[in-house]
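**Student:** compute the structure for the input listed below.
(one chain, ligands or ions: 1)
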Amino acid sequence: MYETERQDLVDKISLKGIYDISVLKAIGEVERHNFVPDAMKHHAYKDAALPIGYGQTISQPYTVAFMTQALRLKPGYKVLEIGTGSGYQAALLIKMGMDVYSIERNVDIFYQTRKLLDKLGLRINTKCGDGTLGWEEYAPFNGILVTAGSPTIPKSLMKQLAVGGKMVIPVGNKYSQILKIVTKIEEENFEVEDVPEFAFVPLIGREGWKDK
Ligand code: SAH
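**Tutor:** Below is the predicted model of the structure:
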């Protein structure tokens, strides 16, 4: 279903500057319409963020592609995602051959998405909890993807990044953020590149925003 629409989306984001073939291929394969509420299905292949309920959104495909491309992933890498949300980003990572760990703090979203991932047969390791603290048990990660906007870069996530690994994280106030691309050169030595103008829902947690 929606094959033409999906291919059009791939063309659109490639024109916007996404060149990583493995990312484009995954966007062309993952059925985004499975990750949005029924009423939104006919909008699933627009390059737009869409509401998934509970005040949360599925990120815009271009943003998802940009963040994934920035991680410079290779198949078999261990990747941590903070903010499972709809599960779309995690599904792309699985299609790209990654070993995926994903954390969601909202219990309702967590169970709803876990059910969907099982139904689609996607082997993603998920946990319900505060992702600002990372997932120590499985660290270090070759890539960390934070899909909600944070006031600062959580120290726990810096620590859990493997040497040579990259993290992408939106940092700013609750309304607008700069995307930071962090590379761990060696323990305690990080390189940070800024990409302006993205908008994400807030990252809430011990090392994120306070809840309400
Ligand atoms: N990656 C998602 C986009 C999710 S939107 C997708 O592909 O659809 C951001 C998500 O981050 C929301 O579901 C929100 O509940 C969650 N979130 C916010 N703070 C969090 C935290 N501290 N730990 C884990 N998840 C968090």
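
**Student:** what's the distance between stretch 24-40 and the middle of its chain?
**Tutor:** Relative to its chain's centre, stretch 24-40 lies at 14 Å (C-alpha atoms, centre = their mean, to the nearest Å).

**Student:** repeat for stretch 70-83
**Tutor:** 9 Å.

**Student:** over to stretch 51-63?
**Tutor:** 11 Å.

**Student:** any bit of stretch 148-166 sitting next to the ligand?
**Tutor:** Yes: using C-beta under 6 Å from any ligand atom, stretch 148-166 reaches the ligand at A148. Bear in mind the C-beta positions are built from the backbone N, C-alpha and C, glycine included.

**Student:** report the beta-bridge partner residues of V195.
**Tutor:** V195 has these beta-bridge partners by DSSP bridges: L179.

**Student:** heads up, I number from 22, so please use that
**Tutor:** New numbering, starting at 22: the last item is V216.

**Student:** wait, it sits on V203?
**Tutor:** No: with contact defined as C-beta atoms under 8 Å, V216 does not count as touching V203 (11.6 Å).

**Student:** neighbour-wise, which of these two wins?
**Tutor:** V203 (21 against 15; other C-beta atoms under 10 Å).

**Student:** poorly predicted segments of the protein, please.
**Tutor:** Scanning the chain for pLDDT under 70 picks out 233.

**Student:** enumerate the residues of it near the ligand.
**Tutor:** Checking the chain against the ligand by C-beta under 6 Å from any ligand atom, the hits are 77-80, 103-104, 106-107, 109-110, 124-127, 130, 151-153, 168-169, 222, 224-226, 229.

**Student:** wait, what's in contact with A160?
**Tutor:** L101, K180, Q181 (C-beta atoms under 8 Å, 6 or more residues apart in numbering).

**Student:** where's it relative to S177, distance?
**Tutor:** Distance, A160 to S177, by C-beta to C-beta, to the nearest Å: 9 Å.

**Student:** next: V203.
**Tutor:** V203 is 13 Å from S177, by C-beta to C-beta.

**Student:** and for I48?
**Tutor:** 30 Å.

**Student:** and the helices in this protein?
**Tutor:** Along the chain, counting by DSSP state H, helices occupy 24-36, 42-50, 82-91, 109-116, 128-140, 176-181.
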